[in-house]
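Asker: Kindly return the folded structure for what I paste below:
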Amino acid sequence: MTREVGETIRSDARSIVTTGTFDGVHRGHQAIVRYLVDRAREVGGVPTVVTFDPHPREVLTGLHIPLLTTLDERADALEALGVERFVVVPFSRDLSLLEPEDYVADVLLGTVGMREIVIGYDHRFGRKARGDRALLERLGDRLGFTVDVIPEQIEGDVTVSSTEVRRLLAEAGDAARAAVLLGRPYRLAGTVVRGDARGRTIGYPTANVRPADPRKLVPREGVYAVRATLADGATAGGMMNVGRRPTFETDGARTVEVHLFDVDADLYGQTLAVDVVARLRDEQRFDGVEALVAQLGRDAQAARRALR
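Answerer: This is a model prediction of the structure:
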């Protein structure tokens, strides 16, 4: 898959395009991309995803938007679905002020190149989000491209969306439900950094994981069952604590600590990719080390059951 960013973007008129942030590459995104790839194969086109960085809402509101996927994670997930061209358009306030007609003509047709576009049922674009399906179809008739629309993707009684996945992880810590909407467990990857080594002294050594991108969403504080992939490709089950270690500190910094089952290795400096499978409990303060260790034993049993 080719990756093009900013000035490296080259127009390719064969492109079958879909465009959006695609944060999470969840099941709604996957439905769009699978159709895109099938359609490109059918007509001899190039399946192309046009995405944005930074997140448009971050630019427009000035608020921090926690990312479900970094750009690299997004690209890898899309490539696995068959996308051949990954185009990153730098998002700016000036871009947000483009009229939708100008966005289509200047960016999608001019800069990227496009013969067909695939959109979700609620796709909006351009200044004040004035662009929609009807406008795209009118522009397509005039400028010579076709428009395909993918219907809403519903799981249970909930529309699959990045906003809903963020809510599940950040507010509820519901990793299992988030995995259903994503089509896979939520992944938190980062570098193992040195901690205070307290876990090793109580029989539960932990890897302190610093997320690779500070914008990456970290689930709600609590204890989770996880599967981890080590730098050498080996995998292991384990449990993860997200929190401030209230048993030992009164105002500790938020950390991500992972205890891996049946692994005895120095992971310092390595990259660890952690798939968050299920939430076990809230973080809590214990009256002493013995009470904490007893609870960690129960957590380990619960995590092994969840991972089975």
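
Asker: list the helices and strands the helix or strand hosting Glu73 packs on?
Answerer: Assigning secondary structure by DSSP states H and E places Glu73 in helix 71-80. Helix 71-80 sits against strand 46-53, strand 85-90, with contacts defined as 3 or more CB pairs under 8 Å, 6 or more residues apart in numbering; DSSP states H and E. C-beta coordinates here come from the backbone N, C-alpha and C atoms, glycine included.

Asker: would you turn these into JSON lines with distance to Tyr35 and mean neighbour count?
Answerer: What follows is the helices and strands packed on helix 71-80, written out as JSON lines (distance: least, CB to CB, whole Å; neighbours: other CB atoms under 10 Å):
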{"stretch": "strand 46-53", "distance to Tyr35": "10", "mean neighbour count": "23"}
{"stretch": "strand 85-90", "distance to Tyr35": "16", "mean neighbour count": "21"}
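
Asker: re earlier: quick one, the helix holding Glu73 and strand 46-53 angle?
Answerer: Angle between the axes of helix 71-80 and strand 46-53 is 160 degrees (criterion: axes from the mean of the first three to the mean of the last three CA atoms, to 10 degrees).

Asker: What mean pLDDT does helix 71-80 get?
Answerer: In this model, helix 71-80 has an average pLDDT of 97.

Asker: returning to what we had before: I'd like to know which of the helices and strands packed on helix 71-80 is closest to Glu283.
Answerer: When the helices and strands packed on helix 71-80 are ranked by distance to Glu283, counting by CB to CB, first place goes to strand 46-53 at 32.4 Å.

Asker: Show me what Val223 is bridged to.
Answerer: With DSSP bridges applied, Val223 shows beta-bridge pairing to Asn241, Arg281.

Asker: circling back to that earlier point, what's next to the helix holding Glu73, contact-wise?
Answerer: Residues outside helix 71-80 that contact it (CB atoms under 8 Å, 6 or more residues apart in numbering): 1, 3, 22-23, 25, 33, 49, 51, 53, 69, 86, 88, 187, 189.

Asker: returning to what we had before: looking at the helices and strands packed on helix 71-80, spot the one closest to Ala278.
Answerer: In this view, these are compared for proximity to Ala278 by CB to CB, and strand 46-53 is the closest at 29.8 Å.

Asker: Also compute the angle for the closest one relative to strand 85-90, please.
Answerer: Using the same axes, to 10 degrees, the inter-axis angle of strand 46-53 relative to strand 85-90 is 20 degrees.

Asker: Skip ahead from strand 46-53 and say which helix or strand is next.
Answerer: Moving toward the C-terminus from strand 46-53, the next helix or strand (DSSP H and E) is helix 56-61.

Asker: Tell me which stretches of the stretch 51-200 of the chain form strands.
Answerer: Taking DSSP state E, counting those that start in this stretch to define them, one finds strands in the stretch 51-200 of the chain at 85-90, 116-120, 146-150, 154-155, 158-159, 186-193.
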